[in-house]
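**Q** Sharing a sequence plus its predicted fold:
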Amino acid sequence: MHTINLKSTPIMTEKIKTLQIIHLAICAGTIIAYYIVGDLSLETLNIPTINSTSIIYLAIPVLAFVLSSILFKAQLKQIDPKLKLEDKLPVYQAASIMRWAVLEGATFLILFVTPEFILFGIFILVYLVFLRPTEERIINDLSDR
């Protein structure tokens, strides 16, 4: 395991802020779409009846979660461990954006294709919000790379 200098530099802080702005834009856009298009009410937030024809739509959030995690980790594995943390950030940024895009795509797929499963889209959206990049999270994700 390689040790990482935990001291933040101005360049790293700037790159993290950029990544946070991208994340905020993705989350805000998706939340606004859900607010406008989703017609959210207590009735729409009920768990829908799941039968043999709708089971495939239940797989959307699960597949999005699994696929986004696999793609994210695969991208991070490509990072040369000898690089400084600041030099690892561009790959981390690309991996994060790819992860968020998969999750965002799943939320929009649910919103427009199967709006009766909107609750599952909201779960994905909440997970996406919790993936907000912080210096601590980035260092954690890159510490064993």
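**A** Happy to help now that I have it.

**Q** Tell me where the chain has helices.
**A** 10-37, 55-77, 85-113, 118-130, 135-142 (DSSP state H).

**Q** now for the first one, which elements pack on it?
**A** Helix 10-37 makes packing contacts with helix 85-113, helix 118-130, helix 135-142 when contacts are defined by 3 or more C-beta pairs under 8 Å, 6 or more residues apart in numbering; DSSP states H and E. Quick note: C-beta positions are derived from backbone N, CA and C, even for glycine.

**Q** now that helix, how far from the chain's geometric center?
**A** 11 Å (C-alpha atoms, centre = their mean, to the nearest Å).

**Q** For M12, which non-adjacent residue is closest in space?
**A** Closest residue in space to M12, ignoring its immediate chain neighbours: E86 at 5.2 Å, by C-beta to C-beta, 6 or more residues apart in numbering.

**Q** ditto for W100
**A** Nearest one to W100, counting by C-beta to C-beta, 6+ apart, is I26 at 5.1 Å.

**Q** How about residues contacting stretch 123-141?
**A** Residues from elsewhere that reach stretch 123-141 (C-beta atoms under 8 Å, 6 or more residues apart in numbering): 4, 6, 8, 12-13, 16, 19-20, 23, 26-27, 30-31, 34, 61, 64-65, 76, 85, 89, 92, 96, 99-100, 103-104, 106-107, 110.

**Q** before we move on, what about stretch 103-116?
**A** The contact list for stretch 103-116 (C-beta under 8 Å, 6+ apart) reads 26, 29-30, 33-34, 37-39, 44, 48, 54, 57, 60-61, 63-65, 68, 117-118, 120-121, 124-125, 127-128, 131.
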